[in-house]
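1. For reference, the sequence and a predicted model appear below.
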Amino acid sequence: MTRRLTRRELLTGAAAVTLAGCGIEQRPIVPSRVSIVKAPAYDQTIYETMRRLLAGQLGDVRGKRILLKPNLVEFEPGSCINTNPMVVHAAFEAFRAMGAAEVRIAEGPGHRRNTLDLADAAGYFHTVPDFENSFVDLNLDEVTRVRPERQFSRIKKLYLPNSALRADLLVSMAKMKTHHWAGATLSMKNLFGTVPSGIYGWPKNVLHWAGIDESIADLHAAFPRQFAIVDGIIGMEGNGPIQGTPKHAGVLVAGSDPVAVDATCCRIMKIDPFQIQYLRLAAAQPGAHFAERNVEQIGESIESVATPFELIPEFRRIRLENS
């Protein structure tokens, strides 16, 4: 009798053992490389830390067009809602020093209609010299209709900003946060900011109606040239992504496989990535890995930096220790 494989076995690659016994040749899994770097505070050391992180992960980016996509949502004084502007500026300067032909910063917030006012309130004008001339408002950018090769939501096509589609490398610079609907919001969920509110409206409810997790997986499939950097120096726990409380994790997490990066962040937050639906969906795409055995950790170990993020009651079941 043939045993039916569990979903977890299929995702982790345990199925390879069974299939090999059936005479089916299996391609070896190439682990995804994910860097974990300690960064205790938002200070000048971030610039050298970022330079070393990107050089180790990406190598040669000379002549490439880089688009940095931070997480700009709302602004409340003293909050931890947005990607810290110093982290974004550090990446901006590092890519320029590495010879990128163009480095720009872009965002399309779903809550605030005036993106530049939000960026100013969040400290971007103060931190990034000549910020306005380096910035693209994705809510107002020209768009192209895209049909993702792999589709999970009810949305049959997406209108996405040309600045993001034409970039040689789209760098999702998320904030490490819990999320009251998705469990965790990291580099993949950050792609919601690429969906132009000028077409889909504020606060982009069409993505919610189509299924949040499914829409995240759709957007991940729509951008094949990605790199992920997660600002976990001070994240957010509890009722994220807006109304939670600050949580110091003291790390930057980065890699070319956003699925592996987000899974690593979940493990740092003591969240079971197998319980995050959009990660399960996206893990079915070629080259995406989130089983720990298929992720090559560089720098710090997960165990050395792990710190449990508080979860709202509805999501306490996704704790790693509950798995």
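-> Cool, the structure landed. Numbering: from 1, shown residues only.
2. quick one: secondary structure of the residue nearest the centre of the chain?
-> Note on the chain: the residue nearest the mean C-alpha position is Ser187, at 0.5 Å, using CA atoms, centre = their mean. Classification of Ser187 by DSSP: H, G, I helix; E, B strand; the rest coil places it in coil.
3. Just give the nearest non-adjacent residue to it, would you?
-> Leaving aside its sequence neighbours, Ser187 sits nearest to Ala228 (CB to CB, 6 or more residues apart in numbering; 3.6 Å). In this view, the C-beta of every residue, glycine as well, is placed from N, C-alpha and C.
4. what about that neighbour, which SS state?
-> strand.
5. For the closest residue to Val253 other than its chain neighbours, give me its contacts.
-> With CB to CB, 6+ apart as the criterion, Val253 has its nearest non-adjacent residue at 4.4 Å, and that residue is Val230. Going by CB atoms under 8 Å, 6 or more residues apart in numbering, Val230 touches Met173, Ala174, Lys175, Met176, Leu186, Ser187, Leu252, Val253, Ala254, Val261, Asp262, Cys265.
6. hang on, the earlier thing: so the residue nearest to Ser187 touches Leu191, yeah?
-> No. The pair Ala228 / Leu191 is not scored as a contact, 10.1 Å apart, by CB atoms under 8 Å.
7. Common neighbours of these two, please.
-> Common neighbours of Ala228 and Leu191 (CB under 8 Å, 6+ apart) are Ser172.
8. So those two - more neighbours on which side?
-> Ala228 (28 against 23; other CB atoms under 10 Å).
9. ok, the more buried one to Gly201 distance?
-> For Ala228, the distance to Gly201 equals 27 Å [CB to CB, to the nearest Å].
10. C-terminal to the helix or strand of the chain with the lowest mean pLDDT, what's the next element?
-> Least confident element among the helices and strands of the chain, by mean pLDDT, DSSP states H and E: helix 15-21 (a mean of 40). Later in the chain than helix 15-21, the nearest helix or strand by DSSP states H and E is strand 32-38.
11. in that next one, what counts as buried?
-> Neighbour-count burial for strand 32-38 flags Ser32, Arg33, Val34, Ser35, Ile36, Val37 (criterion: 16 or more other CB atoms under 10 Å).
12. Give me the helices and strands touching the helix or strand that it is followed by, please.
-> Remark: after strand 32-38, the chain's next helix or strand is helix 45-58, criterion DSSP H and E. Packing partners of helix 45-58 (3 or more CB pairs under 8 Å, 6 or more residues apart in numbering; DSSP states H and E): strand 32-38, helix 85-97, strand 226-237, strand 245-255.
13. quick one, the helix or strand immediately after helix 45-58 in the chain and helix 85-97 angle?
-> Per DSSP H and E, the first helix or strand lying C-terminal to helix 45-58 is strand 65-70. Interaxial angle, strand 65-70 versus helix 85-97 (axes from the mean of the first three to the mean of the last three CA atoms, to 10 degrees): 170 degrees.
14. strands paired with strand 65-70, and their directions?
-> Sheet pairing of strand 65-70 (DSSP bridges) gives strand 102-107 (parallel), strand 169-179 (parallel).
15. Pick the most deeply packed of those.
-> Most buried of these, by mean neighbour count (mean count of other CB atoms under 10 Å): strand 169-179, with a mean of 26.
16. could I get it in CSV with only the CA atoms?
-> This file holds the C-alpha atoms of strand 169-179, laid out as CSV (Å, rounded to 0.1, in the frame of the first residue of the first chain):
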residue,chain,number,x,y,z
LEU,A,169,16.9,43.9,-8.4
LEU,A,170,13.8,44.7,-6.2
VAL,A,171,15.0,44.9,-2.6
SER,A,172,12.2,44.4,-0.1
MET,A,173,13.3,46.1,3.1
ALA,A,174,10.6,45.0,5.5
LYS,A,175,10.2,45.5,9.3
MET,A,176,10.1,42.4,11.5
LYS,A,177,6.5,42.5,12.8
THR,A,178,3.6,40.3,13.8
HIS,A,179,0.4,40.7,11.8
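17. Now that strand: average pLDDT?
-> Averaged across strand 169-179, the pLDDT comes to 98.
18. any weak-confidence spans in the stretch 1-150 of the chain?
-> Along the stretch 1-150 of the chain, the parts satisfying pLDDT under 70 run over 1-28.
19. ditto for the stretch 201-323 of the chain
-> Looking at the stretch 201-323 of the chain by pLDDT under 70, you get 286-287, 323.
20. how about a cut-off of 90?
-> 201-208, 283-290, 321-323 (pLDDT under 90).
21. quick one, helices of it?
-> Per DSSP state H, counting those that start in this stretch, the stretch 201-323 of the chain carries helices over the ranges 205-209, 212-222, 258-268, 277-282, 302-305.
22. most tightly surrounded among those?
-> helix 258-268 (a mean of 28).
23. Could you tell me which other helices and strands that one packs against?
-> strand 32-38, strand 169-179, strand 183-185, strand 226-237, strand 245-255, helix 277-282, strand 295-299, helix 302-305.
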